[in-house]
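In: Sharing a model prediction with you, sequence too.
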Amino acid sequence: MNNPPSINIGGLSGNADYQMVVQGTDLKVLYAEAQELETRLRESDFLRDISTSLELRNPEIQINILRDRAAALGVSPQQIETTLYNAYGGRQISTLYGATDQYFVLLELDARFQRDINALRSLYVQSSSGRMVPIHAVADVNMGVGPVSVSHYGQLPSVIVSFNLAPGVSIGDAVARAQEVADETLPAGISARMVGSAKAFQDAFRALPILLLITILVIYMVLAILYEHYGHPITILTALPFAGFGALLMLLLFRMELNIFSFVGIILLVGLVKKNGIMMVDFALQLQREKGLSAAEAIVEASIIRFRPIMMTTIAAICASLPVAFGTGTGSEMRQPLGIAVVGGLVFSQLLTLYVTPTFYVSMDRVIGFFRSYRRKEVPAIGR
């Protein structure tokens, strides 16, 4: 029994939630290697419910042309193909025209001979010299089994390998290890890649770190325009590494996956955590302009005055995330990583922001002061 996903990504159907496509140009090699890969994956402990779209149970007659012998007797593969098509393909050789209708004349063996393999061996092929050569003299005719259907993906013959995750295994680890097993098992000329939901997961996790970097860059640009300064936005964003570390630590403690939902929670932390730095830095700059305090005095006073608003907003955000983090019911297992990531990031960053941000503010002010004094010394030297 399988509970199908609500959204089928990729358009491929299978007996499990995730799919891998094995492709090659040689059907014989492709089917053999796909069966070997299925066996290797079944031996692993990180996947379950492994199945393939390959069904080798269709009876068929296999004809292997003996090319050297056929060439010696003056028979070409095209002549053998033409003879077989005349016998079994229903070739149209003429048309009978009546007064009001027309009738196609088809050339083929009688139906009772088409089902007899001995009749096939009795067919004759006309050689280039005009002699009639029995087909069993230039080809091996045997009974065998073949695929029920030949699947194609991207215009290449393929085999779809479907699998589910073992309990306690994340999709990231499962996809990576399945791809590693495929690379070790399959020879050159046979490729394997993830499709459907597995590929969507790979693409999403490839794009999410870039999205996080773009988010941080956009926030830095907005803050730089707001404060007309390059250093203060960096001071405000110093709490982000602690928030990310706290989110990952909390996910690890609760044995949660770093999936798309938890990654969205980490991106959400960027907006929640930077407000602490904005509260302190903005108030400290105001104190420096209005009261002429030093950077150290201004940031200390700003931290004291802004302590209560910072704690109130952080506690409100944590309380709002707790129902998501510890909620139950249908679909709660998907939302829990988001809430746990937000709560962990807020708690951990809150414990350190009140100490790290003021320290970084003072250090940044000293660095800026050093560069300003250095530029003042350089200007007279250039003038001379």
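Out: Here it is on my side, so go on.

In: could you pull out the helices for the stretch 101-250 of the chain?
Out: Remark: helices assigned in the stretch 101-250 of the chain by DSSP state H, counting those that start in this stretch are 111-114, 117-121, 135-138, 171-185, 196-227, 232-236, 240-253.

In: got any ranges where the stretch 51-200 of the chain has weak pLDDT?
Out: Applying pLDDT under 70 to the stretch 51-200 of the chain picks out no residues at all.

In: quick one, phi/psi of D49?
Out: phi 50, psi 40 (degrees, to the nearest 10).

In: That one against V161, yeah?
Out: No: look at D49 against V161 with Cβ atoms under 8 Å: they stay out of range, at 11.2 Å. Where you see a C-beta, it was placed from the backbone N, CA and C, and this is true even at glycine.

In: Those two - which one has more neighbours?
Out: Looking at D49 and V161 with other Cβ atoms under 10 Å, you find the greater number of neighbours at V161, namely 27 against 15.

In: Excluding sequence neighbours, find me the nearest residue to that one.
Out: By the measure of Cβ to Cβ, 6 or more residues apart in numbering, the closest residue to V161 outside its immediate chain neighbours is M20, 4.5 Å from it.

In: what's the helix or strand for that neighbour?
Out: strand 18-23 (DSSP states H and E).

In: Each with direction, which strands does that strand pair with?
Out: Applying DSSP bridges to the sheet, strand 18-23 is found paired with strand 156-165 (antiparallel), strand 191-195 (antiparallel).

In: State the mean pLDDT of the helix or strand just after that strand.
Out: Reading on from strand 18-23 to the C-terminus, the next helix or strand found by DSSP H and E is helix 27-43. What helix 27-43 shows for mean pLDDT is 88.

In: follow-up on the earlier one: which residues make contact with the strand holding M20 from outside it?
Out: For strand 18-23, the external contacting residues (Cβ atoms under 8 Å, 6 or more residues apart in numbering) are 10, 12, 30, 33-34, 37, 153-154, 156-165, 171, 174-175, 178-179, 182, 186, 190-198.

In: re earlier: give the bridge partners for the residue nearest to V161, please.
Out: Beta-bridge pairing for M20 (DSSP bridges): V161, M194.

In: Next one: it from Y355, what distance?
Out: 49 Å (Cβ to Cβ, to the nearest Å).

In: Between these two, point out the one with more neighbours.
Out: Taking other Cβ under 10 Å, M20 and Y355 do not tie; M20 has more neighbours (27 against 10).

In: Now do that one, the pLDDT please.
Out: 88.

In: Use 8 as the first number for this chain going forward.
Out: Done: numbering now begins at 8, and the last item shifts to M27.

In: hang on, the earlier thing: can I get the helices of the stretch 108-257 of the chain in JSON lines with mean neighbour count?
Out: Formatted as JSON lines, the helices of the stretch 108-257 of the chain follow (neighbours: other Cβ atoms under 10 Å):
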{"stretch": "helix 118-121", "mean neighbour count": "10"}
{"stretch": "helix 124-128", "mean neighbour count": "13"}
{"stretch": "helix 142-145", "mean neighbour count": "19"}
{"stretch": "helix 178-192", "mean neighbour count": "16"}
{"stretch": "helix 203-234", "mean neighbour count": "14"}
{"stretch": "helix 239-243", "mean neighbour count": "23"}
{"stretch": "helix 247-260", "mean neighbour count": "19"}
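
In: Output those helices in a markdown table, with distance to T90 appended to each entry.
Out: Putting the helices of the stretch 108-257 of the chain into a markdown table (distance: least, Cβ to Cβ, whole Å) gives the following:
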| stretch | distance to T90 |
| --- | --- |
| helix 118-121 | 14 |
| helix 124-128 | 10 |
| helix 142-145 | 7 |
| helix 178-192 | 41 |
| helix 203-234 | 44 |
| helix 239-243 | 81 |
| helix 247-260 | 68 |
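
In: which stretch among those comes nearest Q85?
Out: helix 142-145 (12.4 Å; Cβ to Cβ).

In: for that closest one, packing partners?
Out: Where contact means 3 or more Cβ pairs under 8 Å, 6 or more residues apart in numbering; DSSP states H and E, helix 142-145 is packed against helix 74-79, helix 84-95, helix 124-128, strand 131-133.

In: Just the CA trace of that helix, in CSV.
Out: Below are the C-alpha coordinates for helix 142-145, written out as CSV (Å, rounded to 0.1, in the frame of the first residue of the first chain):
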residue,chain,number,x,y,z
ILE,A,142,16.6,-18.1,-42.8
HIS,A,143,17.9,-20.5,-40.1
ALA,A,144,21.1,-20.8,-42.1
VAL,A,145,21.9,-17.1,-41.6
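
In: Pull the residues that contact it.
Out: Contact with helix 142-145 is made by 72-73, 76-77, 80, 82, 87, 90, 127-132, 148, as judged by Cβ under 8 Å, 6+ apart.

In: Which one of the residues you listed is nearest to I232?
Out: For the contacts of helix 142-145, the nearest to I232 is I72 (75.5 Å; Cβ to Cβ).

In: Quick check: pLDDT value at G390.
Out: At G390, the model reports a pLDDT of 50.

In: Among the contacts of strand 25-30, name the buried ones.
Out: 17, 19, 37, 40-41, 44, 160, 164-172, 178, 181-182, 185-186, 189, 193, 197, 199-205 (16 or more other Cβ atoms under 10 Å).

In: which residues touch the most centrally placed residue in the chain?
Out: In the chain, the residue lying closest to the centroid (Cα atoms, centre = their mean) is Q209, at 2.2 Å. Taking Cβ under 8 Å, 6+ apart, we find Q209 in contact with V182, M201.

In: try N149
Out: For N149, counting by Cβ under 8 Å, 6+ apart, the contacting residues are I68, Q69, N71.

In: What's opposite it in the beta bridge?
Out: Q69.

In: next one: the one 10 residues further on
Out: H159 forms beta bridges with P164, as assigned by DSSP bridges.

In: how far away is it from L193?
Out: For H159 relative to L193 (Cβ to Cβ), the value is 18 Å.

In: With R138 instead?
Out: Going from R138 to L193 by Cβ to Cβ gives 47 Å.
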